[in-house]
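[1] I would like to see how this sequence folds:
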Amino acid sequence: MGHRCLACLLLIAFWVVPVGSLSAQDLPVTPENNRPYTLTVGVREWLSHGQSAHNIGDSGVNVRSELTWRGLNSAITQVNADLVVLQRLLMNVSIGYGTIGSGTLLDQDWEGNNRTQKASETLSRSDNGSVLIISVTPGVRVFHWTVQDNPVLGGVDFLLGYQYWQEKYAAYGLQDLFPGGRDVPSNVIGITQTNHWHSLRLGTRITVPVLSFLSFKGSAFYIPVNYYRQNDVHHLRDDLQQNPSFLSTATGGNGVQLEGSLSVRVWRQLTAEAGYQYWDIKSGQGTITQYNADGTIGQGQHNVDNTRRQGVFFAVNWIF
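    Now for the predicted structure:
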């Protein structure tokens, strides 16, 4: 249902202002705003739901082990600043942070290729995690216009920038799903995993003021390449070092980030906004290094990590 809502918002936005047909003569607007700059500062609360799956292989089995984290709910508070200079050049900066208060970890191992001959399967609860997001995204505004009495400036933008996205997970307890397995109490930490994503992202966004108090917004970003790094600590394994136990690195990969929203002017330059945000990112293939307690190391194949986060958001913005 969330994907359909996002698609509807983007469709409405692009229907209201067809990008290919924009011109100064076609736009039914008031004269352009001649201010040298416009600064918009906002606070957003993203009620997000996340999941992440990471699997590795070796020379004998293409998928040896997989950690699947699910139900990673996090209310992420984001502070955004958007500066437009001379109606053409722009800079967007965003910082967000939230804690992860619930979820599960499914840990599976196999002896045969393509996830056959299952060797182990355990379930743990996930708690005490976090999400950190930092992005710096410059761009250009190729079309711009205004609507009378609406402080939100209309525009079509193209952007290219950098994003750092970190997710930290912690698994407690262990329920062995194999008959006769050994369980671990739910208050004992078992695994800590931290994913670091350094990404280049490019995309477009559109802002469409349609009335003096109402605007539509939409954006679509593509991640053509990223650098992925994962630190993994297995607290219950005394045959491994603890800082870290495993280290995965990979380059390549790709991802998408989509967003659609509705903005309403509530007082002077103050607007309230509600929308939906969807992120999906994948790593490329790489290597995983195992650090043994005796000081030796081993290496295997990192196959992929796929992390997704999506949900509704609510925001307030002040336009200077």
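[2] Every contact and neighbour count from this point should use C-alpha atoms.
    Noted.
[3] Hmm, Tyr37 and Asp82 touching each other?
    No - if you go by Cα atoms under 8 Å, Asp82 and Tyr37 don't touch, sitting 10.4 Å apart.
[4] from the chain's centre, how far out does the lengthiest strand in the chain sit?
    In the chain, with assignment by DSSP state E, the single longest strand is strand 184-209. Here strand 184-209 shows a centroid-to-chain-centroid distance of 5 Å under the convention Cα atoms, centre = their mean, to the nearest Å.
[5] counting contacts, what elements does it pack onto?
    The helices and strands touching strand 184-209, judged by 3 or more Cα pairs under 8 Å, 6 or more residues apart in numbering; DSSP states H and E, are helix 2-16, strand 154-176, strand 214-234.
[6] where in this protein is pLDDT low?
    By pLDDT under 70, the weakly predicted segments of the chain are 1-34.
[7] Okay, strands next: where are they in the chain?
    For the chain, strands defined by DSSP E occupy the ranges 37-57, 65-85, 89-100, 104-112, 116-126, 129-145, 154-176, 184-209, 214-234, 246-252, 254-267, 270-282, 286-291, 297-319.
[8] Next, the angle from the first one to strand 270-282.
    With axes from the mean of the first three to the mean of the last three Cα atoms, to 10 degrees applied, the angle from strand 37-57 to strand 270-282 works out at 30 degrees.
[9] just the second one next, same as before
    Put simply, strand 65-85 runs at 140 degrees to strand 270-282, going by the same axes, to 10 degrees.
[10] partners of strand 65-85 in the sheet?
    Taking DSSP bridges as the criterion, strand 65-85 sits next to strand 37-57 (antiparallel), strand 89-100 (antiparallel), strand 104-112 (antiparallel) in its sheet.
[11] gap between Ile191 and Leu123?
    In this view, Ile191 and Leu123 are 12 Å apart by Cα to Cα, to the nearest Å.
[12] Kindly report the same for Gln51.
    Plainly put, Gln51 is 15 Å away from Leu123 if you go by Cα to Cα.
[13] Kindly report the same for Gly96.
    According to Cα to Cα, Gly96 and Leu123 sit 30 Å apart.
[14] next one: Arg35
    58 Å.
[15] the more surrounded of those two?
    In this view Arg35 and Leu123 are compared by other Cα atoms under 10 Å, and Leu123 has more residues nearby, 20 against 10.
[16] who touches the more buried one in this structure?
    With Cα atoms under 8 Å, 6 or more residues apart in numbering as the criterion, the residues that contact Leu123 are 104-107, 174-177.
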